[in-house]
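1. Turn this into a model:
(one chain, ligands or ions: 2)
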Amino acid sequence: MDRSERRARQDLKLLLALVAILVGSLSILSSAMAGNANRGSELATACVECHGQDGVGQKPEVPNLAGQNETYLLRQLNNFKSAVWVGETTTAAEGDGWRGFATVYERVHPIMGVMAASFDARALADLAAHFSSLSCHSSRAGEQAEPDPAPARTARCESCHGVSGQSDNDNIPNLAGQNRTYLFNQITSFQRSVRGAEPQPGVHRLHPVMGRQAVLLNEDEMAKLADYYASLPCR
Ligand code: HEC
Ligand code: HEC
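-> Numbers count the residues shown, from 1 in each chain. Ligands and ions are numbered 1, 2, ... in the order given. From the prediction side, this is the model:
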């Protein structure tokens, strides 16, 4: 083996060692961020007033969280946290007013902004794991045996939200059995936010994919879709 070959082998060994360290630290990082549902259930006392002991929304405009996809829930909590509404203007952790910001906030809500901002990243992951682990609740449980017939526009939603409103993709929310008023409000928010309206608490929800979907719907279609998805059994 000549010197350059030996050198090349040493380089390769070094590279492999570095890769091993990198892979190791990545898995430590991801296990550190995986939520702990037990810890989350203790923290969830802060959520009970609105999201219920079992993750069921206590008012029509409050979503059910029980059984929702974990990655999706965590993403929403982080979105709320990054934009805290403080009255006239919105401020992020950096502490400036809404209008002075280059950052584009995805989701602004007065209550949830404050709630999410009071927990660190680890706690938010634990809360997401806790609510995701609870058995889901259908908003019309016990009221109606048969779901509403699917409105024509449902065909556009199925590729992402699943044929029965249950998404296989952990980034995309389940819609089946969600509160009707909450669903309607969200579709409206997606639609208004892409139209460049001033950000309003509870109205602002910017998402490129859902925004494009929402602008194609009129109010009647939005109402029918909200009724339909609320009527589906969640499992
Ligand atoms: C005082 C009432 C209130 C409390 C307390 C509260 N929430 Fe909420 N939460 C809401 C409302 C209202 C919404 C709907 C926001 C919107 O319309 O965008 C919401 C939305 C959410 C969402 C988005 C769900 C989705 O499908 O996108 C998550 C996640 C959430 N809350 C988690 C929590 C957690 C975790 C806690 C406790 C740490 C908590 N909330 C405490 C009222 C509350
Ligand atoms: C190409 C994929 C895609 C399609 C098609 C799609 N959605 Fe979505 N939808 C998403 C994603 C991704 C989110 C999560 C957005 C976020 O993270 O804020 C979402 C979020 C939502 C939410 C908010 C749910 C909650 O818990 O807050 C509603 C309501 C919704 N979609 C309804 C619909 C309806 C109705 C249709 C059909 C007209 C539709 N979507 C079509 C990808 C899609």
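2. Next secondary structure element downstream of the worst-scoring helix or strand of the chain on mean pLDDT?
-> The helix or strand of the chain with the lowest confidence, counting by mean pLDDT, DSSP states H and E, is strand 90-91 at a mean of 45. Heading C-terminal from strand 90-91, the first helix or strand you meet, by DSSP states H and E, is helix 110-117.
3. Which elements pack onto that next one?
-> Applying 3 or more CB pairs under 8 Å, 6 or more residues apart in numbering; DSSP states H and E, one finds that helix 110-117 contacts helix 70-81, strand 84-85. Where you see a C-beta, it was placed from the backbone N, CA and C, and this is true even at glycine.
4. and these, which is most packed in?
-> Mean neighbour count (mean count of other CB atoms under 10 Å) peaks for strand 84-85 among those, with a mean of 22.
5. what residues does this structure put near ligand 1?
-> If contact is defined as CB under 6 Å from any ligand atom, the residues of the chain in contact with ligand 1 are 46-47, 49-51, 61-63, 65, 68, 73, 76-77, 109, 111-112, 115, 127, 173, 185, 202.
6. re earlier: tabulate the helices and strands packed on helix 110-117 (TSV), appending mean pLDDT.
-> Converted to TSV, those look like this (pLDDT from 0 to 100):
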stretch	mean pLDDT
helix 70-81	95
strand 84-85	58
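7. Any chance of the ones you listed in JSON lines with distance to S133 as columns?
-> Listed next are the helices and strands packed on helix 110-117 as JSON lines, based on distance: least, CB to CB, whole Å:
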{"stretch": "helix 70-81", "distance to S133": "8"}
{"stretch": "strand 84-85", "distance to S133": "27"}
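8. Tell me which of these lies nearest to L217.
-> helix 70-81 (21.2 Å; CB to CB).
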